[in-house]
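Visitor: Here's my sequence, what's the structure:
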Amino acid sequence: MFRKSPSWLQLATDKALSTKAKLSLLKECMKNATLLDNRSKQCVAECFSQIEQVRTYRNAIIHHHIYDHEKGIGAYVDDSNSAYQIPVSIDALKLLYGVLCTLLDELREIDLLFRLETGTQRPGRLDSTTGEFHSLNDDELKKSVIPQHTKRIMVLQKSRKELQKLPKFPDADLIRPMNERDDGRIG
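Guide: Numbering: from 1, shown residues only. All right, here's what the predicted structure looks like:
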């Protein structure tokens, strides 16, 4: 939720919504956004997609079992009871941490875009004669503020893409013998 949201609302939504539900809610909000241009929406969608992928990878690392210390390989069983192998070496964990840090930076900029969209935080100007603060109108936001933040997000995404890719799951054949019966069937 947004930082200016009441704390009780943040607590209620944190307990009521899973990460997947929060992302789908934010995606729906983005589809209905009027201030964000297509480029901004594309940047946000790309970040959300990467979050879903990294979340799956992170969950596999956190919930793995059968750990081979020598090879740095853990086994993970997902919700559909499919077994996967996942690298849990120090290098893989460092790489995951780096990707998570870059995604956090992207999310900070995206949070600001959503605050601009919802009106919870609008930049403006101070009138020198009256001393009153005047928020920027929608056209000014669309012409200058939104494109600036979109460019920042694009720079952050470029730096994330330049990072080494997360290791792929090792070949499933490495753990298949553990799951096969004597007659060759799995189970």
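Visitor: In the chain, spot the helix with the most residues.
Guide: Secondary structure of the chain per DSSP state H: the longest helix is helix 90-118.
Visitor: So what touches the helix or strand containing S49?
Guide: Per DSSP states H and E: S49 is located in helix 38-62. Helix 38-62 is touched from outside by 19-20, 23, 26-27, 30-31, 33, 36, 74, 76, 78, 84, 86, 88, 92-93, 96, 99-100, 103, 106-107, 110, 113, 146-147, 149-150, 153-154, 157, 160, 166, 169, with contacts defined as CB atoms under 8 Å, 6 or more residues apart in numbering. For every residue, glycine as well, the C-beta is placed using N, CA and C.
Visitor: Just give the closest residue to I73, not the sequence neighbours.
Guide: Closest residue in space to I73, ignoring its immediate chain neighbours: Q85 at 5.4 Å, by CB to CB, 6 or more residues apart in numbering.
Visitor: Sheet-wise, list the partners of the helix or strand that that neighbour is a member of with their directions.
Guide: For Q85, the host element (DSSP H and E) is strand 83-87. Strand 83-87 sits in its sheet next to strand 73-77 (antiparallel), going by DSSP bridges.
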